[in-house]
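Sequence below, structure please.
(2 chains)
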Number of protein chains: 2
Amino acid sequence: MNDAQTLIANMAAAARDASRVLGAAPTVQKAAALSAAAATLRAGLPTILAANAKDMAAGAARGLSAAMLDRLWLDEARLEGVASALENVAALPDPVGSLIDSTARPNGLVLERRRVPIGVIGIIYESRPNVTADAAALCIMSGNAVILRGGTEAMHSNHALHAVLVAGLRAAGLPETAVQIVPTQDRAAVGAMLRAQGLIDIIIPRGGKSLVARVQDEARVPVLAHLDGINHVYVDGAADPVMARAIVVNAKMRRTGICGAAETILIDRAFGEAASLVAALIDAGCAVRGDEGVQVLDARVAAASDADWDTEYLDAIVSLAIVDGLDGALAHIDAHGSHHSDAIVTEDAGVAEHFLNAVDSAIVLWNASTQYADGGEFGLGAEIGIATGRLHARGPVALEGLTTYKWLVRGTGQVRP
Amino acid sequence: MNDAQTLIANMAAAARDASRVLGAAPTVQKAAALSAAAATLRAGLPTILAANAKDMAAGAARGLSAAMLDRLWLDEARLEGVASALENVAALPDPVGSLIDSTARPNGLVLERRRVPIGVIGIIYESRPNVTADAAALCIMSGNAVILRGGTEAMHSNHALHAVLVAGLRAAGLPETAVQIVPTQDRAAVGAMLRAQGLIDIIIPRGGKSLVARVQDEARVPVLAHLDGINHVYVDGAADPVMARAIVVNAKMRRTGICGAAETILIDRAFGEAASLVAALIDAGCAVRGDEGVQVLDARVAAASDADWDTEYLDAIVSLAIVDGLDGALAHIDAHGSHHSDAIVTEDAGVAEHFLNAVDSAIVLWNASTQYADGGEFGLGAEIGIATGRLHARGPVALEGLTTYKWLVRGTGQVRP
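Here you go, the predicted model:
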């Protein structure tokens, strides 16, 4: 093994031991660790802010963009948000041990499926230092040990927040190695995490496309990935025009940089108010790229290229196409969608239910903005990401998604004939 | 793309189209396809037997072992078993569309999680031709399209059984490409399946260690693997000696070649009837390899080597160790188990519950034989394998394990503030 492999193997072995303790820990003890971490964070604001200032200075010196620096930046308000998030996770229902189902067999065996932690989770992330605390909190509460590997640009902030979590674990009498941070920014350590089959049970990448793509390409450990949100809003001929305008503008413009933002609007040829929809988007500050049918509606519409239909702008840009009713919308979404979140606006319940069934996405919405694609909005209390794969968990992933299950079989001496 | 990649890409595209139809097909139509396949199979016994005879002749010429030839062999009784299995799967509850949970949010949004098919499943298997029918039946009933790639030794039998399933699909008006078999035995086709990210949603290997290891090593598509069953029976000091003997002998000897067979017996130093347990195993025809504490119990016990504790014999051989109570058993299982199926025999409910919670295996049993580790015995009606991984599905996998879910969100015009 090379140095990076040895490092990760040792961290993973410590994490496995910690996961045994954490997996059996009562809810109150896990919650106490998070509450103590929140208190430690609030008491140690100057230390964390000083660490963050180092990252900000280094980032400015490296010429990070304003957007990158904003993602990196922590102030008292943002740190209070991190502390509150820790307390929110501490208050969530504990999935560990919960009963999924049970069966009594004719031979007298009684079977139960109960949730158990996954075990050891690796999180590979970029930029935002709050991920250090958010992700670790979800792992702790779901009984998992976690190995964190954040971006170089947030290194000092991440280590300061990691220290807060370790203090919380210590205060609650839980093993400190339940939350570890990779001590080196050497990229070989990432490679070692991705190939730590049997040592790390799952890798969750949180970051941009290139990070997720590298992780998916190199990983031998299973990956819970969230990929692009090329999300659609289909405005049906039977849509309420006022509702359609409000949903379309919100889905695109409320926050353009999140994965739940709409990127393409599909307008039924039978919808009578397409022009005002286009105008509303433009008036809200959005650049509109349309097919020929859309271009004739408003002189300010630019021509969409083929590439536009497959683009996640994450910006105040939208592509618009006229489609022939529900079937046209379904065909477009099937060809260009990323199976993340897609919405229909219509007053026709039959059309809506057809859409909800036929669209093969993690989240399908009727008369609601795609910006609701969020674990908090779904009542999960938090999220570690929005999974776009088809296995294990789909859509917003919080505590339940960080568990697996075991079968418990209770008998009275049964032997199989 | 090379030829194999083109072949698999084309098959996967046809499978994706078929999966859309199958995913929306009503339960009765999917069941009708399986019933029609069973009828076709019964009507076409001579054809299938002739195909199997070709495989048997080729296998004998290649010098396959008697055990391999037995796995390959089909007769009328075995084919009736395959037909019945098709009918059994047709009678199972359809998981597609079933509600997992629902929530009404304070803002009026109503959320549902409902099961949907995974999509396109690849099955890579060896030897037993019945897998062709069993696996395809589970895929059809769960609304998934499947691409089958069986072993060369069963090639003619597999194609004959595949034709039966296609006839069933045709009779029920479902797309024939819902069940496809790779038409070449070129190993490059397996490689192409393993790297068909986005085209095939999941690969399920069914076969020996080397097949599963190759699949896990090469795959970029997620894998639902079942690995070794290094299963333990721990005989506690508070075990009923008669029950302990019956369970230990059954767990080891009922069928030694299945993954649920016990491979190591751990005997509490406080258990008074260890000698009669050893004698019962030897009298049942089992070779016993023991540590020093076991060797003194019976002159017929051979010395166990270090490797024995990590060996899946799949044969009439067992390793036995004396341990210091529950903690000794847990430590041994943690160090040597494969997280498949582990049992405790005890009359002490507290000790039993501690064991069930602490042992980190897919299946944990109290006072029952590990040979119950089976989808049919668990009431699932069938199984496509016993998953030993920690994601998506664990333990016996049948219809539910071949589904994922989607979030359906119904609103009345909600936009996110």
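
Apart from its neighbours in sequence, what residue is nearest A:Q185?
A:T152 (4.5 Å; C-beta to C-beta, 6 or more residues apart in numbering or on different chains). Every C-beta, even on glycine, is put in place using the N, C-alpha and C of the backbone.

Same question for A:S305.
In space, A:S305 is closest to A:R289, 7.7 Å off (C-beta to C-beta, 6+ apart).

before we move on, what about A:A329?
A:Y234 (4.0 Å).

Could you count how many residues lie near A:H354?
By other C-beta atoms under 10 Å in any protein chain shown, 17 other residues sit near A:H354.

Name the next helix or strand downstream of the helix or strand hosting it, please.
Assigned by DSSP states H and E, A:H354 belongs to helix A:349-358. Counting by DSSP H and E, the element after helix A:349-358 in chain order, helix or strand, is strand A:363-368.

Can you name every helix or strand that that following strand contacts?
Strand A:363-368 is packed against helix A:241-253, strand A:341-345, helix A:349-358, strand B:403-414, with contacts defined by 3 or more C-beta pairs under 8 Å, 6 or more residues apart in numbering or on different chains; DSSP states H and E.

Could you pull up the mean pLDDT of the second one?
Averaged across strand A:341-345, pLDDT comes to 98.

For the lowest-mean-pLDDT helix or strand in chain A, which helices and strands make contact with it?
Ranked by mean pLDDT, DSSP states H and E, the weakest helix or strand in chain A is helix A:209-218, scoring a mean of 86. When contacts are defined as 3+ C-beta pairs under 8 Å, 6+ apart, helix A:209-218 sits against helix A:187-194, strand A:202-206.

Please name whichever of those is nearest to chain B.
Of all the helices and strands packed on helix A:209-218, strand A:202-206 sits nearest to chain B, with 6.2 Å by C-beta to the nearest C-beta.

before we move on, back to that, check the secondary structure at the residue nearest to A:S305 for me.
strand (DSSP: H, G, I helix; E, B strand; the rest coil).

any idea how far it is from A:T370?
18 Å (C-beta to C-beta, to the nearest Å).

Which of the two has more residues huddled nearby?
A:T370 (31 against 21).

How about the one residue in the stretch 101-250 of chain A that gets nearest to chain B, nearest residue that isn't a chain neighbour?
Closest contact between the stretch 101-250 of chain A and chain B, by C-beta to the nearest C-beta, is at A:N250 (3.6 Å). Ranked by C-beta to C-beta, 6+ apart and with sequence neighbours excluded, the top spatial neighbour of A:N250 is B:V415, at 3.6 Å.

and the one you found, how many neighbours?
B:V415: 18 neighbours (other C-beta under 10 Å).

So, low pLDDT: which residues of chain A?
Chain A contains no residues with pLDDT under 70.

tell me the domain boundaries of chain A?
Domain assignment of chain A by automatic domain parsing yields the ranges A:3-227, A:231-372.

Between its first and last residues, how far does the last one reach?
Taking C-alpha to C-alpha, to the nearest Å, the span from the opening residue of domain A:231-372 to its closing residue is 12 Å.

how near is A:D327 to chain B?
In this view, A:D327 and chain B are 13 Å apart by C-beta to the nearest C-beta, to the nearest Å.

ok, now A:I282?
A:I282 is 18 Å from chain B, by C-beta to the nearest C-beta.

helix, strand or coil for that residue?
helix.

Report how many residues lie close to it.
Neighbours around A:I282, by other C-beta under 10 Å: 15.

Then the one 3 residues further on?
Other residues within reach of A:G285 by the criterion other C-beta under 10 Å amount to 11.

do the one 10 residues further on as well
Applying other C-beta under 10 Å, we find 18 residues neighbouring A:Q295.

what residues are up against it?
A:V301, A:A302, A:A303 (C-beta atoms under 8 Å, 6 or more residues apart in numbering or on different chains).

For A:L320, give me its contacts.
A:264-267, A:278, A:281, A:288-291, A:294, A:301, A:304.

still on that earlier bit, how near is the residue of the stretch 101-250 of chain A closest to chain B to A:A373?
12 Å.

now do A:A38
As defined by C-beta to C-beta, A:A38 lies at a distance of 27 Å from A:A373.

the more surrounded of the two?
The residue with more neighbours, out of A:A38 and A:A373, is A:A373; 31 against 24, by other C-beta under 10 Å.

Quick check: that one vs B:L109, distance?
On the measure of C-beta to C-beta, A:A373 and B:L109 end up 11 Å apart.

just A:A189 next, same as before
In terms of C-beta to C-beta, A:A189 sits 42 Å off from B:L109.

Quick check: A:V164 vs A:E383, distance?
Following C-beta to C-beta, the distance that separates A:V164 from A:E383 is 21 Å.

Give me the residues contacting stretch A:90-108.
A:23, A:27, A:30-32, A:34-35, A:38, A:110-117, A:137, A:141-143, A:380-382, A:398-400, A:402-403, A:405, A:411-412, A:414, B:377-379.

Tell me the secondary structure at A:G97.
Strictly by three-state DSSP, A:G97 counts as coil.

all helices of the stretch 51-200 of chain A, in order?
In the stretch 51-200 of chain A, the helices defined using DSSP state H, counting those that start in this stretch lie at A:66-72, A:76-90, A:130-141, A:155-171, A:187-194.

Looking at those helices, which one is packed in the most?
Among the helices of the stretch 51-200 of chain A, ranked by average contacts under mean count of other C-beta atoms under 10 Å in any protein chain shown, first place goes to helix A:130-141 (a mean of 27).

so that helix versus helix A:155-171, what angle?
Using axes from the mean of the first three to the mean of the last three C-alpha atoms, to 10 degrees, the inter-axis angle of helix A:130-141 relative to helix A:155-171 is 20 degrees.

can you tell me which residues contact the residue nearest to A:S305?
A:V301, A:A302, A:A303, A:A304, A:S305, A:D308, A:I317, A:V318, A:S319, A:L320.

I'd like to know which of those residues are buried.
A:V301, A:A304, A:D308, A:I317, A:V318, A:S319, A:L320 (16 or more other C-beta atoms under 10 Å in any protein chain shown).

Tell me how far the last one lies from A:V345.
The spacing between A:L320 and A:V345, counted by C-beta to C-beta, is 14 Å.

Does A:E377 touch B:R416 like I think?
Yes. A:E377 is within contact range of B:R416, at 7.0 Å (criterion: C-beta atoms under 8 Å).

Around chain B, pick out the residues from the stretch 51-200 of chain A.
A:T103, A:R105, A:L109, A:L111, A:V116, A:I118, A:G119, A:Q197 (C-beta under 8 Å from any C-beta of the partner chain).

Repeat the analysis, applying 10 Å as the threshold.
A:97, A:101, A:103-114, A:116-120, A:197 (C-beta under 10 Å from any C-beta of the partner chain).

Make a PyMOL selection of the buried ones in the residues you listed.
Listed next is the PyMOL selection for buried residues among these, using 16+ other C-beta under 10 Å:
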select buried, chain A and resi 109+111+112+113+114+116+117+118+119+120
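
quick one: which of the residues of the stretch 51-200 of chain A next to chain B sit in strands?
A:D101, A:T103, A:A104, A:V110, A:L111, A:E112, A:R113, A:R114, A:V116, A:P117, A:V120 (DSSP state E).

count of residues packed around the closest residue to the last one other than its chain neighbours?
Spelled out, it's A:V120. Excluding the flanking residues, the one nearest A:V120 by C-beta to C-beta, 6+ apart is A:A15, at 4.5 Å. When neighbours are counted by other C-beta under 10 Å, A:A15 registers 28.
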